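K.L.:
no FASTA, just this:
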């Protein structure tokens with residue numbers, strides 16, 4: 001064990017911890033984690049919308065149309081909130097004012113999106129821009145906007161290039177402290193976009209096509225499925241490293257949502273991407289490593305320790321929180337559980353890929369992206385296909401069966417220890 005720890009610390013943990021602790025990476029991870037709260041609101045609205053669809057005659061009413069517009073509005077402006085949250089997260093790690101930097105990031109985001117101002121026949125000025133840019137389609141522009149605002153502001157603050165405002169109330173001091181930096185942030189974004197004629201949204205949309213193809217491929221997603229458990233096994237929380245990668249899958253989910261909004265059926269033939277963030281969430285059965293099957297198997301173990309842990313961990317597990325199992329069983333640094341912990345999510349991903357590709361279950365095409373909705377419910381929300389529920393239940397059962405022989409071996413060891421303690 002000591003040799004194992006030395007090896008993994010030198011070649012795995014230390015390099016990945018250095019990467020995860022980079023200010024840029026922490027800003028992206030923290031910002032996306034905060035911005036997902038807005039998607040959670042959209043998820044709740046989606047659940048209400050699905051329930052409304054079961055009420056006869058309600059779907060065609062004016063109330064239903066207006067409610068659908070509300071849901072689309074929440075999902076449609078999430079890019080703005082990501083820009084703010086990433087900017088605020090960057091400010092937090094730079095130890096400068098989060099609110100000021102967040103506001104600067106929103107300004108930069110709007111500049112990067114290159115809106116037009118059109119005067120109609122009545123002389124009223126209209127703000128004109130493609131609405132889909134401001135949703136999850138624009139997440140990479142959000143990343144650049146937040147980091148642009150945060151890093152430039154930090155540069156000015158660090159060098160003391162601020163307007164002196166001693167003796168004024170604290171809130172007014174903040175105005176002046178960040179006035180020069182905010183002006184430079186705004187002018188630099190404008191010069192980059194309008195004077196140099198750079199369209200970041202179009203650039204990212206073009207670059208993302210091959211990147212999404214790679215990450216959403218069968219083998220690319222299997223690699224991601226293995227990455228989370230591997231990181232956790234070696235003591236590194238997957239979200240601290242993988243959030244930048246998740247941005248690609250969120251963009252893929254936005255692509256599917258756009259196609260669905262055009263009235264296309266969610267199939268491969270219509271250009272829908274199987275491996276998007278919705279698919280990852282649908283088969284995130286209990287958290288990293290898909291440990292809900294393990295949790296259920298623990299409830300029926302011969303070991304009292306196993307059963308007790310299973311009872312304590314089942315509610316968090318249903319909500320896809322599995323730290324009680326990771327550290328309580330434990331799975332981390334435990335060679336007895338390495339194989340099932342890594343192999344189970346790979347098997348789940350492979351089965352889900354083929355089921356979705358053959359059209360036996362609709363491809364997820366919803367932006368109701370929430371990590372902590374129970375998988376059985378999430379499966380229907382993301383696909384609006386009852387067959388997805390059966391897919392999830394089958395995978396959970398399969399996962400439990402895979403875990404059983406490994407648990408039996410571990411249970412025998414636990415029973416010996418429990419017997420020794422009782423004597």
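P.N.:
The structure has been received and is ready for your questions. Everything numeric in this text was worked out from a predicted model, so none of it was measured. Residues are numbered from 1 along each chain as shown.
K.L.:
confirm residue 117 sits in a helix?
P.N.:
No - using DSSP: H, G, I helix; E, B strand; the rest coil, the assignment for residue 117 is strand, not a helix.
K.L.:
list the helices and strands the helix ranked longest in the chain packs on?
P.N.:
Identified as the longest helix of the chain according to DSSP state H is helix 387-422. Judged by 3 or more Cβ pairs under 8 Å, 6 or more residues apart in numbering; DSSP states H and E, the packing partners of helix 387-422 are helix 292-299, helix 304-318, helix 335-357, helix 375-383. For the C-beta atoms, the positions are set from N, CA and C on the backbone; glycine is no exception.
K.L.:
per-residue confidence averaged over stretch 258-275?
P.N.:
The pLDDT scores in stretch 258-275 average 91.
K.L.:
measure that stretch end to end?
P.N.:
Distance between the two ends of stretch 258-275: 16 Å, counting by Cα to Cα, to the nearest Å.
K.L.:
what lies in contact with it?
P.N.:
132, 137, 212, 215-218, 220-221, 249, 252, 255-256, 349, 353, 356-357, 359, 362-366, 383 (Cβ atoms under 8 Å, 6 or more residues apart in numbering).
K.L.:
so which of those are in helices?
P.N.:
Judged by DSSP H, the contacts of stretch 258-275 include 212, 215, 218, 220-221, 249, 252, 255-256, 349, 353, 356-357, 383 as members of helices.
K.L.:
one step back: which of the contacts of stretch 258-275 count as buried?
P.N.:
Using 16 or more other Cβ atoms under 10 Å as the burial test, these include 132, 137, 212, 215-216, 220-221, 249, 252, 255-256, 349, 353, 356, 362-366, 383 as buried.
K.L.:
low pLDDT regions in this protein?
P.N.:
1-13, 164-168, 171, 418, 420-423 (pLDDT under 70).
K.L.:
domain-wise, how is it divided?
P.N.:
According to automatic domain parsing, the chain comprises the domains 78-198, 216-422.
K.L.:
any idea how far the last one is from the chain center?
P.N.:
Once both centres are worked out by Cα atoms, centre = their mean, to the nearest Å, domain 216-422 turns out to sit 14 Å from its chain's centre.
K.L.:
check which residues of stretch 378-396 are buried.
P.N.:
For stretch 378-396, using 16+ other Cβ under 10 Å, the buried residues are 378-385, 388-389, 391-392, 395-396.
K.L.:
and the contacts of it?
P.N.:
Applying Cβ under 8 Å, 6+ apart, the set of residues contacting stretch 378-396 is 43, 46-47, 50, 266, 278-279, 281-283, 285, 290, 292-293, 296, 348, 351-352, 355, 360-366, 368, 370, 373, 375-376.
K.L.:
same thing but at 7 Å, please
P.N.:
For stretch 378-396, the external contacting residues (Cβ atoms under 7 Å, 6 or more residues apart in numbering) are 43, 46-47, 50, 278, 281-283, 285, 292-293, 296, 348, 351-352, 355, 360-362, 364, 366, 368, 373, 375-376.
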